[in-house]
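Engineer: have a look at this prediction, sequence included:
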Protein chains: 2
Amino acid sequence: MNSVFLDAASGEPMDPVAREAYLAALDDGWADPDRLYREGRRARLLLDAAREAVAEVLRVRPDEAVFTTSGTAAIHLAVAGLAQGRSRVSRRIVTSAIEHSAVLHAAEFTATRLGGEHVTVPVTRSGELRTDALAESLRDGAALLCIQYANHEVGTIQPIERVHELSAATATATAGPPPLLLDASAALGRIPLPTPEHWSALCGSARKWGGPAGVGVLAVRKGTRFAAAWPEDEREQGRAPGPVNVPAILAAAAALRAREAERETVAARHRGLVDHIRDQVAATVPDVELVGDPQQRLPHIVTFSCLYASGEALLLELDRAGYSVSSGSSCTASTLTPSHVLEAMGVLSHGNVRISLPWRITAEEVDRFLADLPAVVARVRAEAPSAPPPAPTPERAREAAPGSAAGDAIETIDALGLMCPIPVIELAKRIVDVPVGGTVRVLADDPAARLDIPAWSELREHSYLGEEPVPERGERAVAYLVRREH
Amino acid sequence: MNSVFLDAASGEPMDPVAREAYLAALDDGWADPDRLYREGRRARLLLDAAREAVAEVLRVRPDEAVFTTSGTAAIHLAVAGLAQGRSRVSRRIVTSAIEHSAVLHAAEFTATRLGGEHVTVPVTRSGELRTDALAESLRDGAALLCIQYANHEVGTIQPIERVHELSAATATATAGPPPLLLDASAALGRIPLPTPEHWSALCGSARKWGGPAGVGVLAVRKGTRFAAAWPEDEREQGRAPGPVNVPAILAAAAALRAREAERETVAARHRGLVDHIRDQVAATVPDVELVGDPQQRLPHIVTFSCLYASGEALLLELDRAGYSVSSGSSCTASTLTPSHVLEAMGVLSHGNVRISLPWRITAEEVDRFLADLPAVVARVRAEAPSAPPPAPTPERAREAAPGSAAGDAIETIDALGLMCPIPVIELAKRIVDVPVGGTVRVLADDPAARLDIPAWSELREHSYLGEEPVPERGERAVAYLVRREH
């Protein structure tokens, strides 16, 4: 049986339409479009047509859109160019806490280079920007405000109109509002974009809309200050250095047009499939947390965390079963830190699975995944170095804490040296042993515990009381305190 | 009849081998190679194989080579990363005067950002680095030395072994020699590379070796300090931010291997064709200057300048006749300045034509071009706003200056407001009217005259005496003085 690819948000196979366009452009558009001879002129015509097609989707003028070598490049260039363009007014770069890492790194780098600071605005547990905090942050002025339209890990859509209003309100007699850079990478081709009146610049990545790797798009609206912060290069209006890859751009434009034409139909279908996944996962997998806003979300992304399971083990076990998914848990990529998105949302970071539907996914493929998932999760939990707790039931809770309430009872769990999710598994198993009102003290040195213990406590409606160092057990040892509430 | 493409140095059509590899990798290598699932692992295997193939050609270890999004990107990243890595020792960036503009712009930008300076080393009239001047320049220390292996406009190869020796000699007790960044973009796949012992880092561009657009390569030898000067990104060892385009990299590697396998045979054939072009152009086109070293040169590039002809008109007329060539003359690209390479060599910048042979050019195509060229040049000259002078002959020269020698005779030509090549045409026509030893004073405001009048004088063995401002004729008016010598 064929395997099922469920990680479109990392990039999906090139759309057949894009493949055709690429091959045609290899014949007709391979030359340097800046050359005056026939091959160059032909490439220029094709490039112009591709730019018009993409600009139309973004609802900007063709001369407002340039092509870059990737979505990451578009973001790096945009953050540097926009912040530099307004550095006389401010050197603060404000972003949400859950932007793509390319935005966070570019903001950090650019702010440091300009001698300013990078400020992140918190989000709610469902991943929505805390607009109260944004308004607060904008009060100190900003060189640049970067907000993603929709989150690439959990799908939550941001209220861009409200963000625009709050930003516009900061205009003074001497300076306009900061430019708003909208990272539309996860959204482009999947949902309608906000009106261009609400943003100053926009970034996207062709790989995310079925185009080839190697193409990003950066639109900068007229009237937005933009100062190149890289070596001089006259191509693409000086906004994107390096040669223009005409065949790949043609393919990207063809894919975007094709997706736009089918967008509403496919989005409706995906929305139905994701609703089905949310329902089925909640119904068939015990101890699962669905992550992200259930309504204001991308149609094709659904993320959940399986308590007491390692994200890496889940990912590998799903791969063995024929399903390719992504995970925001630590240990699943080359880094050992869990997803900053999950961290900022304050949700569990272990046992995390992100499903993002490719354009042509079938209901049958989704059903096959849903049929196999519960057994895969059970297997991973069973094979964990520490067996997970039985699923909590009101009866069990009553049994374990027979009426007694002892506010000063403290149970200590020594999970030092044990990796996530074991500290949480131990906490879940042992909290039923203390009376309601009693406290569990979890000693742990895995950094994921700092995120997972409070997240688990909130999810299970116990009270997280805070952390304290345990110097006698080593430099990295921390005690996390949780009060049993029911 | 099909048109003949003679501008391979700007990028040629993708090699069929590369096209095959690209299509195969679209099926097998489209996924993110950092992902742990099957599609990701497959992409990783292909990427590793491509890296090994390219590293083998460069004679470096696979972990010394990273892929970038273009040759330009490789250069920008290399210049910034290497200079930053040694900025505690020096902040001077030394390059030849005829590096690719990407190198010059990156050197200028990086030196400015580091608070240092960018120093260019002059070249001879044939385009060879003046190693005496290099030695002199290195005496003041350098953060980075950038030298191209072979020039992209005139084909001249640099003596890298000698450059390495001179650079190595600057090592002191406290600091090694500066890293040598070798720009091998024009050379890769065409001639053997210098031994890696003679350079620290190397850049190349897949488009120049029959690979796809969108792939550059940057090799940095172990032990070379390299400090990223861009937002954090862990891919490609932190040396090339953005996603890795596996299908395009596979195609690039396939093309490079294929070229290496055929390189000696094809180079010998191209060398013969270029020798034939040099001979025929000199024999059939009057008033032509062949540019670049006749021996130490790339096998596939030949450049010449047709006196008294506009480069743009030549390029357009050749295009109409079915030949696509490049030109270093002004007005042929979006800029109005002539090629900095021709300028640094002190050769004529007008009427310039660069031929660079595509891999599979045929002798028949070259002959067709050679058969048509003389008439095209004659047509362009005849249509010039100012008719070119008759070709000089010893008889004519004797006639025009019958024995008389009047050292103080001065003839003034007013070419103000006239564009290149008219000032030179007028000079050539009128110099025969002054006695040997007499002086012609050309008034011109086209900046190309500053380059072309001395270059023409040297070519025709007259003495260029210098320039002086002519404030009474306007801010930009300059008088160029030439003494008739024969």
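Structural biologist: Yep, it's here.

Engineer: give me the number of neighbouring residues for the closest residue to chain B within the stretch 351-486 of chain A.
Structural biologist: Nearest residue of the stretch 351-486 of chain A to chain B, counting by CB to the nearest CB: A:Pro358, 11.1 Å away. Yep, even glycine has a C-beta here, placed from its N, CA and C like the rest. A:Pro358: 17 surrounding residues under other CB atoms under 10 Å in any protein chain shown.

Engineer: so it, which of the three states?
Structural biologist: coil (DSSP: H, G, I helix; E, B strand; the rest coil).

Engineer: I figured it hits A:Ala8, correct?
Structural biologist: Yes: using CB atoms under 8 Å, A:Pro358 is in contact with A:Ala8, at 4.2 Å.

Engineer: now do the helices in chain A.
Structural biologist: Using DSSP state H, the helices of chain A run over residues A:16-28, A:38-58, A:71-85, A:101-114, A:131-138, A:160-168, A:246-284, A:311-321, A:340-345, A:363-383, A:394-400, A:422-430, A:448-459.

Engineer: wait, which of those helices is closest to B:Gly272?
Structural biologist: helix A:38-58 (25.5 Å; CB to CB).

Engineer: what's the average pLDDT for the closest one?
Structural biologist: The pLDDT scores in helix A:38-58 average 97.

Engineer: please apply the same query to stretch A:227-240.
Structural biologist: 89.

Engineer: are that stretch and chain B in contact anywhere?
Structural biologist: Yes: using CB under 8 Å from any CB of the partner chain, stretch A:227-240 reaches chain B at A:230-234.

Engineer: what's next to that stretch, contact-wise?
Structural biologist: A:34, A:63, A:66-69, A:73-74, A:77, A:80-81, A:84-85, A:87, A:110, A:113, A:218, A:220, A:226, A:241-244, B:72, B:76, B:79, B:102, B:105-106, B:108-110, B:334-335 (CB atoms under 8 Å, 6 or more residues apart in numbering or on different chains).

Engineer: again, only this time at 7 Å
Structural biologist: A:66-68, A:77, A:80-81, A:84-85, A:218, A:220, A:226, A:241-244, B:76, B:105-106, B:109, B:334 (CB atoms under 7 Å, 6 or more residues apart in numbering or on different chains).

Engineer: how close does the residue of the stretch 51-200 of chain A found nearest chain B get to B:Ala171?
Structural biologist: Using CB to the nearest CB, the single residue of the stretch 51-200 of chain A nearest to chain B is A:Thr69, 3.5 Å away. In this view, A:Thr69 and B:Ala171 are 37 Å apart by CB to CB, to the nearest Å.

Engineer: who's more crowded, those two?
Structural biologist: Legend: neighbour count by other CB under 10 Å for A:Thr69 and B:Ala171, higher for A:Thr69 (32 against 11).

Engineer: about what we covered before: buried subset of the residues of stretch A:227-240 next to chain B?
Structural biologist: A:230-231, A:233 (16 or more other CB atoms under 10 Å in any protein chain shown).

Engineer: and the pLDDT at A:Ala401?
Structural biologist: So A:Ala401 comes in at 46 (pLDDT).

Engineer: where does the nearest residue to A:Ser3 once chain neighbours are set aside land on pLDDT?
Structural biologist: Nearest non-adjacent residue to A:Ser3, counting by CB to CB, 6 or more residues apart in numbering or on different chains: A:Gly322, 4.1 Å away. Looking at A:Gly322, its pLDDT stands at 97.

Engineer: repeat that for the one 5 residues further on.
Structural biologist: Note on A:Ser327: pLDDT of 90.

Engineer: contact partners for the residue of the stretch 351-486 of chain A closest to chain B?
Structural biologist: The neighbourhood of A:Pro358, defined by CB under 7 Å, 6+ apart, consists of A:5, A:8, A:12.

Engineer: check A:Ser327 too.
Structural biologist: Counting by CB under 7 Å, 6+ apart, A:Ser327 has contacts A:311, A:314-315, A:352-354.

Engineer: for it, what are phi and psi?
Structural biologist: phi -150, psi 140 (degrees, to the nearest 10).

Engineer: list of residues touching stretch A:33-41?
Structural biologist: With CB under 7 Å, 6+ apart, stretch A:33-41 has contacts from A:31-32, A:43-44, A:47, A:244, A:246, B:3, B:5, B:7, B:10, B:315-316, B:319, B:324, B:332-334.

Engineer: skipping adjacent residues, who's closest to A:Trp30 in space?
Structural biologist: B:Pro13 (4.8 Å).

Engineer: phi, psi of the one you found?
Structural biologist: phi -60, psi 150.

Engineer: number of residues surrounding it?
Structural biologist: B:Pro13: 19 neighbours (other CB under 10 Å).

Engineer: what does the stretch 101-250 of chain A put close to chain B?
Structural biologist: A:105-106, A:109, A:213-214, A:230-234, A:241-243, A:245, A:247-248 (CB under 7 Å from any CB of the partner chain).

Engineer: top of the contacts of A:Pro358 by neighbour count?
Structural biologist: These, ranked by neighbours (other CB under 10 Å): first place A:Ala8, 25 neighbours.

Engineer: pLDDT below threshold where in chain A?
Structural biologist: A:1, A:330-336, A:391-407 (pLDDT under 70).

Engineer: please redo it, this time with the cut-off set to 50
Structural biologist: Residue ranges of chain A with pLDDT under 50: A:332-333, A:394-405.

Engineer: domain ranges for it?
Structural biologist: A:4-8+A:263-383, A:10-258, A:401-483 (automatic domain parsing).

Engineer: how many residues are close by A:Ser167?
Structural biologist: 24.

Engineer: what sits against it?
Structural biologist: Going by CB under 7 Å, 6+ apart, A:Ser167 touches A:138, A:145, A:177-178, A:180.

Engineer: now swap in A:Asp48 and tell me
Structural biologist: Neighbours of A:Asp48 in contact, by CB under 7 Å, 6+ apart: none.

Engineer: relative to A:Leu250, how far out is it?
Structural biologist: 11 Å.

Engineer: quick revisit: chain B: which of the contacts of A:Pro358 is nearest?
Structural biologist: The closest of the contacts of A:Pro358, once distances to chain B are taken by CB to the nearest CB, is A:Phe5, at 6.3 Å.

Engineer: apart from its neighbours in sequence, what residue is nearest A:His462?
Structural biologist: Nearest to A:His462 is A:Glu485, by CB to CB, 6+ apart, at 4.9 Å.

Engineer: pretty sure that neighbour contacts A:Leu465?
Structural biologist: No: counting by CB atoms under 7 Å, A:Glu485 stays clear of A:Leu465, with 11.1 Å between them.
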